[in-house]
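Student: sequence isn't available, so here's the structure alone:
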Ligand SMILES: Cc1cc2nc3c(=O)[nH]c(=O)nc-3n(C[C@H](O)[C@H](O)[C@H](O)COP(=O)(O)O)c2cc1C
């Protein structure tokens, strides 16, 4: 079962609420969403003594990452924090160049920089230059960025305070409630200091429909590859005990299903879940994407440039925090770009490249990350996080 078909299964699972017993409900965490050790990092993220640089790492690990792989490692001293990409924590054929894992590190870096400013540090980030390639996935931890710290004056801002409130929200959105103009304008300006990263926003229904068609077709094609399907499933945690043990991956609580369907899905066996997913509404993903009033795209000059990829992650994290402060929600929907990688890796005709270039209208800007934003039907749920000790080297 792949990520998308699993997410589409809400309508079917809701008829199966009656399955399972109370003991199983406890065992599967039906009554404990967001509780237990796997969720502690969301609660104690501001703990630690004044000026302790580990506070910055506590904020960093609450960032987004592909399939919640949390591909980060941190080496901390009083004057600097080095960020490493843990190449073992990858989604295989879904991200053969580790492009998305680098975006995840960029997300963590953004949280870290916001936390540095809020906790009285002047921080300067240096991103290591380089090209992404398929061999990236085979080596060990790789240094990708360094943050130099000097003590300064603390200045909290609204984005920092939103760090524990930001969650990827996969529920439907309200198609009749547009993103307010102030939020839209702030989003448009989010890359004004960047030279090699640019945000494109699409609010018109016809433009969104085109992106949804491209994304949905890409999703179907991508997950028809057994290698992609297998690599993705490795990070889907359906047992509550696995959620609490591994503290990573995609969990049923974050699939955006209504409460009864979430409970039902948690009670199902793997076989039942597979059956439910196979009966899911075929155009469910398109309908979900179209419910969002705004689709955005982050584009760069070179999709396989490491620095530009890390910057993309910083921008997504900042954009997601921004919409969170305004009471909106967001979700990445990056299958079309994942298909660009897939076609490149397999040596197939680069069909998505031209489709995506059509959308930006400028071949100099290569989309590397697609997302949607709006007012959600239900609040987003926290995803698990590994403990601080597990990500320090
Ligand atoms: C590069 C990247 C690509 C992602 N792609 C998708 C996607 O295509 N669909 C989706 O539902 N979530 C996607 N996500 C969201 C992650 O699954 C999410 O960040 C992770 O599960 C942690 O959850 P959180 O963001 O709620 O903390 C992506 C995140 C990143 C950083």
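Tutor: Ah, there it is. Here the structure is a predicted model, which means the values were calculated and not measured. Numbers count the residues shown, from 1 in each chain.
Student: next up, the contacts around the closest residue to residue 225 other than its chain neighbours.
Tutor: Leaving aside its sequence neighbours, residue 225 sits nearest to residue 93 (C-beta to C-beta, 6 or more residues apart in numbering; 6.4 Å). (C-beta placed from N, C-alpha, C; glycine too.) For residue 93, the contact set (C-beta atoms under 8 Å, 6 or more residues apart in numbering) comprises 225, 227, 228, 230, 231, 342, 345.
Student: pick the one among those closest to the ligand.
Tutor: The nearest member of the contacts of residue 93 to the ligand, counting by C-beta to the nearest ligand atom, is residue 228 at 12.1 Å.
Student: my read: that closest one touches residue 220, true?
Tutor: No. Residue 228 lies out of contact with residue 220 (C-beta atoms under 8 Å); the separation is 11.3 Å.
Student: between the two, tell me which one has more neighbours.
Tutor: Ranked by neighbour count (other C-beta atoms under 10 Å), residue 228 and residue 220 place residue 228 first, with 23 against 15.
Student: so the more buried one, which of the three states?
Tutor: Under the three-state scheme (DSSP: H, G, I helix; E, B strand; the rest coil), residue 228 adopts helix.
Student: in PyMOL, select just the buried ones from the contacts of residue 93.
Tutor: The PyMOL selection below is limited to those of the contacts of residue 93 classed as buried (16 or more other C-beta atoms under 10 Å):
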select buried, resi 228+231+342
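Student: return the residues of the stretch 101-250 of the chain in contact with the ligand.
Tutor: With the criterion set to C-beta under 6 Å from any ligand atom, the stretch 101-250 of the chain comes near the ligand through 103, 104, 107, 167, 168, 170, 250.
Student: just give the nearest non-adjacent residue to the first one, would you?
Tutor: By that I understand residue 103. Residue 103 sits nearest to residue 313 (C-beta to C-beta, 6+ apart), 4.0 Å away.
Student: where's the one you found relative to residue 200, distance?
Tutor: 17 Å (C-beta to C-beta, to the nearest Å).
Student: who's more crowded, these two?
Tutor: residue 313 (26 against 19).
Student: wait, that one sits on residue 105?
Tutor: Yes. Using C-beta under 8 Å, residue 313 is in contact with residue 105, at 6.2 Å.
Student: need the next SSE after the worst-scoring helix or strand of the chain on mean pLDDT, C-terminal direction.
Tutor: Least confident helix or strand, the chain: helix 10-13 with a mean of 43, by mean pLDDT, DSSP states H and E. Following helix 10-13 in sequence order, the next helix or strand is helix 22-27 (DSSP states H and E).
Student: mind listing what's buried along the helix or strand that that following helix is followed by?
Tutor: Downstream of helix 22-27, the first helix or strand assigned by DSSP H and E is helix 40-43. In terms of neighbour count (16+ other C-beta under 10 Å), helix 40-43 has its buried residues at 40, 41, 42.
Student: one more: stretch 48-60?
Tutor: Buried-residue list, stretch 48-60, by 16+ other C-beta under 10 Å: 48, 53, 55, 56, 57, 58, 59, 60.
Student: start to end distance for it?
Tutor: In stretch 48-60, first residue to last residue: 14 Å (C-alpha to C-alpha, to the nearest Å).
Student: hmm, who's touching it?
Tutor: Contacts of stretch 48-60 from elsewhere in the structure, counted by C-beta under 8 Å, 6+ apart, are 41, 44-47, 72, 74, 76-78, 81, 83, 108-109, 111-112, 114-116, 119-121, 147, 149, 151, 160, 163, 388, 391-392.
Student: just how off-centre is it within its chain?
Tutor: What separates the centre of stretch 48-60 from the centre of its chain is 23 Å, taken as C-alpha atoms, centre = their mean, to the nearest Å.
Student: for it, give the mean pLDDT please.
Tutor: Across stretch 48-60, pLDDT averages out at 91.
Student: and it, does that touch the ligand?
Tutor: No. Against the ligand, stretch 48-60 shows no contacts by C-beta under 6 Å from any ligand atom, the least distance being 12.1 Å.
Student: what sits up against stretch 170-177?
Tutor: Under C-beta under 8 Å, 6+ apart, the answer for stretch 170-177 is 7, 254-257, 287-288, 290-293, 329, 331, 372, 374-378, 380.
Student: if we use 7 Å, what do you get?
Tutor: Residues external to stretch 170-177 that are found in contact with it (C-beta atoms under 7 Å, 6 or more residues apart in numbering): 7, 254-256, 288, 291-293, 331, 374-378.
Student: in that stretch, what's buried?
Tutor: Neighbour counts using 16+ other C-beta under 10 Å place 170, 171, 172, 173 of stretch 170-177 among the buried residues.
Student: from residue 295, how far off is the last one?
Tutor: Translated: residue 173. Distance from residue 173 to residue 295, by C-beta to C-beta: 11 Å.
Student: flag every buried residue along the strand or helix carrying residue 336.
Tutor: Residue 336 belongs to helix 335-346 when assigned by DSSP H and E. Neighbour counts over helix 335-346 (16+ other C-beta under 10 Å) mark 335, 336, 337, 338, 339, 340, 341, 342, 343, 344 as buried.
Student: just give me how far the following helix or strand past that helix sits from the chain centre.
Tutor: Next along the chain after helix 335-346, taking DSSP H and E as the criterion, comes helix 351-360. Offset of helix 351-360 from its chain centre (C-alpha atoms, centre = their mean): 22 Å.
Student: then stretch 279-288?
Tutor: The chain centre lies 21 Å from the centre of stretch 279-288; the measure is C-alpha atoms, centre = their mean.
Student: okay, how far is it across it, tip to tip?
Tutor: Terminal-residue distance, stretch 279-288 (C-alpha to C-alpha): 17 Å.
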